[in-house]
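Student: here is a sequence together with a model predicted from it:
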Amino acid sequence: MSQEAKKHLTYYVLTYGCQMNVYDSEILAALMENEGYLPAAVPEDADIVIFNTCCIRDNADQKVYGRLGDFKKRRETNANFVLAVAGCLAQKDKEGILQRFPQIDIVLGTHQVRRLPELIKQVLVKRQALACVGRVGDHLDMPARPLSAFQAKIPISVGCNQWCTYCIVPYVRGPLKSRPLPLIKAEAQRLAAEGWREIMLLGQNVNDYGHDLEEDIDFATVLRELKGIPGLDRLRFTSPHPAYFTDRVIEAMADNPSVCEHVHLPLQSGDDEILRKMKRGYTGDEFLQLTAKLRQAIPNLGITTDIIVGYANESEEQFENTLRVVEEAQFDSAFMFAYSERPGTPGALAAAQVPEEVRMERLYKLIAKQNAISEAKHRTRLKQVTEVLAEGPSKKEKGRYTGRTRQNWLVHFPCEKDLTGSLVRVELEEAYMWGFVGKMLEVVG
């Protein structure tokens, strides 16, 4: 296909999963536009549709597989149509996806992102399905096209050496590979100079950074090196591992004014025996000690978390231990899930599994407890005046803007102007489980 003809083809990336998946979609978008393809407004209008997938839980798999059926007959009306499945699900299921879904043209694993343009060219010429799922290669050095108007992402590492027994990430992302610190700092300086006021540092275990490098550097070194970058108002990171949250990291957070007063700290379980089976490397009480130390060092800190219920043969007493830790930790909010067996992981091989109905019963009980904690904590913050980064107009209510505080609290406020990417001061007037409705006082930057 000629370059001129290719310029008329459009693409759309459908993203599922974590912040790392979102960043990978930004890489895919940059690759497509560098090749002359144009972004489509909706996937139904695109010539090339790319599913960038997650496989952390079974329902993530099923969402993708269910949506793929919508594109089963697209080639009947579009001879240039190309359907690609990329990301973690592609890495997990490999060529088997092509057998199950003959409408798919490309299966692209997590290590082979940079090969997408050449694979599309081959498909358009030969009309032969291709799978590229080798485990050698990465795309840490590739430029992304930030999809957000206010936040850019920087991966500081990929992969994971933790091998938690419930988690499939090491199988699909590979072992830890840290990015050279000078490249991280240079990218942060460039993005801040280009106008992105908030940067999110990414890693499967972001504070495991540097453990694979010969230099004596760690995640605390990264936070200190990014201190004082002109134009960088907010620095966030996700997700840290509690076992690697050292005093050096806490001190570096407190010392860097750009670092937001928010930590997403995955608990996963509050029971010591379940945590041992999960290979998490800490106890429930050690986790609580860490949250206390963080709050002492960083005033007005927001802490969010991930929790799994029903892992392997979790007993009712062990579940109650999780509820106890949740009550004591007083998280601002939480992502809560019923355990989903992932093929090939040790957790899926446990002789006894908690029945699905029991898992869901425990999940609903946990959600009710955490929602009550969230709303009660938010009510104590009424009448506070806080800085909000405006993310964009509300999708549900005209004349209302949505943004987040430095603590990652969600705030809606009335506004008729386009303030996307602006920092505003908002007085919190109404508190809910999910966040706040407030009154904008002024634009501060």
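Tutor: Received the coordinates, thanks.
Student: list the buried residues of stretch 337-353.
Tutor: By neighbour count on 16 or more other C-beta atoms under 10 Å, the buried set for stretch 337-353 is 337-342, 345-348, 350, 353. For every residue, glycine as well, the C-beta is placed using N, CA and C.
Student: swap that for stretch 312-324, please
Tutor: Using 16+ other C-beta under 10 Å as the test for burial, stretch 312-324 gives 312, 314, 318-319, 321-323.
Student: same list (those residues) but as TSV, adding pLDDT and distance to Asp255.
Tutor: Shown next, in TSV, are the buried residues of stretch 312-324 (pLDDT from 0 to 100; distance: C-beta to C-beta, whole Å):
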residue	pLDDT	distance to Asp255
Ala312	87	41
Glu314	95	40
Gln318	98	38
Phe319	98	39
Asn321	98	35
Thr322	98	33
Leu323	98	35
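Student: what is the nearest of the residues you listed to Ile229?
Tutor: Nearest to Ile229 out of those is Thr322 (C-beta to C-beta; 39.3 Å).
Student: a helix runs through that closest one, doesn't it?
Tutor: Yes. Secondary structure of Thr322 (DSSP: H, G, I helix; E, B strand; the rest coil): part of a helix.
Student: which ones are touching it?
Tutor: Counting by C-beta atoms under 8 Å, 6 or more residues apart in numbering, Thr322 makes contact with 267, 269-271, 274, 284, 307, 309, 366.
Student: try it again with 7 Å
Tutor: Under the criterion of C-beta atoms under 7 Å, 6 or more residues apart in numbering, the neighbours of Thr322 are 269-271, 307, 309.
Student: got phi/psi on the nearest residue to it once chain neighbours are set aside?
Tutor: Counting by C-beta to C-beta, 6 or more residues apart in numbering, Gly270 is the residue found nearest to Thr322 once chain neighbours are left out, at 3.7 Å. Backbone torsions for Gly270, taken as degrees, to the nearest 10, come to phi -100, psi 0.
Student: what is the mean pLDDT for the helix ranked longest in the chain?
Tutor: If you go by DSSP state H, the chain has its longest helix at helix 356-379. Mean pLDDT, computed over helix 356-379, is 97.
Student: what's the answer for stretch 226-233, then?
Tutor: Per-residue scores along stretch 226-233 average to 96.
Student: now the end-to-end length of it.
Tutor: End-to-end span of stretch 226-233 (C-alpha to C-alpha, to the nearest Å): 11 Å.
Student: hmm, who's touching that stretch?
Tutor: With C-beta under 7 Å, 6+ apart as the criterion, stretch 226-233 contacts 185, 188-189, 192-193, 197-199, 235, 255-256, 258, 423.
Student: roughly how far is that stretch from the heart of the chain?
Tutor: Mean-position distance between stretch 226-233 and its chain equals 23 Å (C-alpha atoms, centre = their mean, to the nearest Å).
Student: ok, and for it, which residues are buried?
Tutor: 226, 229, 232-233.
Student: show me which of the contacts of stretch 226-233 are buried.
Tutor: 188, 192, 197-199, 235, 256, 258, 423.
Student: hang on, the earlier thing: sort the buried residues of stretch 337-353 by pLDDT and name the bottom one.
Tutor: pLDDT is lowest at Ala350 among these; the value there is 73.
Student: on the three-state scheme, the residue lying closest to it once chain neighbours are set aside is what?
Tutor: Distances taken as C-beta to C-beta, 6+ apart put Ala312 closest to Ala350, at 3.9 Å, once the chain neighbours are dropped. Judged by three-state DSSP, the three-state class of Ala312 is coil.
Student: helices along the protein, start to end?
Tutor: 3-6, 19-34, 58-68, 88-93, 96-100, 116-126, 169-173, 181-193, 219-225, 247-255, 272-278, 284-297, 316-329, 356-379.
Student: C-alpha coordinates for the longest one, PDB please?
Tutor: So that's helix 356-379. Extracted C-alpha coordinates of helix 356-379, given in PDB (Å, rounded to 0.1, in the frame of the first residue of the first chain):
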ATOM      1  CA  GLU A 356     -17.900 -18.200  44.200                       C
ATOM      2  CA  GLU A 357     -21.000 -17.200  46.200                       C
ATOM      3  CA  VAL A 358     -18.900 -16.900  49.400                       C
ATOM      4  CA  ARG A 359     -16.300 -14.800  47.600                       C
ATOM      5  CA  MET A 360     -19.000 -12.400  46.400                       C
ATOM      6  CA  GLU A 361     -20.700 -12.300  49.900                       C
ATOM      7  CA  ARG A 362     -17.400 -11.300  51.400                       C
ATOM      8  CA  LEU A 363     -16.700  -8.800  48.700                       C
ATOM      9  CA  TYR A 364     -20.000  -7.000  49.200                       C
ATOM     10  CA  LYS A 365     -19.400  -6.900  53.000                       C
ATOM     11  CA  LEU A 366     -15.900  -5.400  52.400                       C
ATOM     12  CA  ILE A 367     -17.300  -2.800  49.900                       C
ATOM     13  CA  ALA A 368     -20.000  -1.700  52.400                       C
ATOM     14  CA  LYS A 369     -17.400  -1.200  55.200                       C
ATOM     15  CA  GLN A 370     -14.900   0.700  53.000                       C
ATOM     16  CA  ASN A 371     -17.700   2.900  51.500                       C
ATOM     17  CA  ALA A 372     -18.800   3.800  54.900                       C
ATOM     18  CA  ILE A 373     -15.200   4.700  55.900                       C
ATOM     19  CA  SER A 374     -14.700   6.700  52.700                       C
ATOM     20  CA  GLU A 375     -17.900   8.800  53.200                       C
ATOM     21  CA  ALA A 376     -17.100   9.400  56.900                       C
ATOM     22  CA  LYS A 377     -13.600  10.600  56.200                       C
ATOM     23  CA  HIS A 378     -14.800  12.800  53.400                       C
ATOM     24  CA  ARG A 379     -17.400  14.400  55.700                       C
END
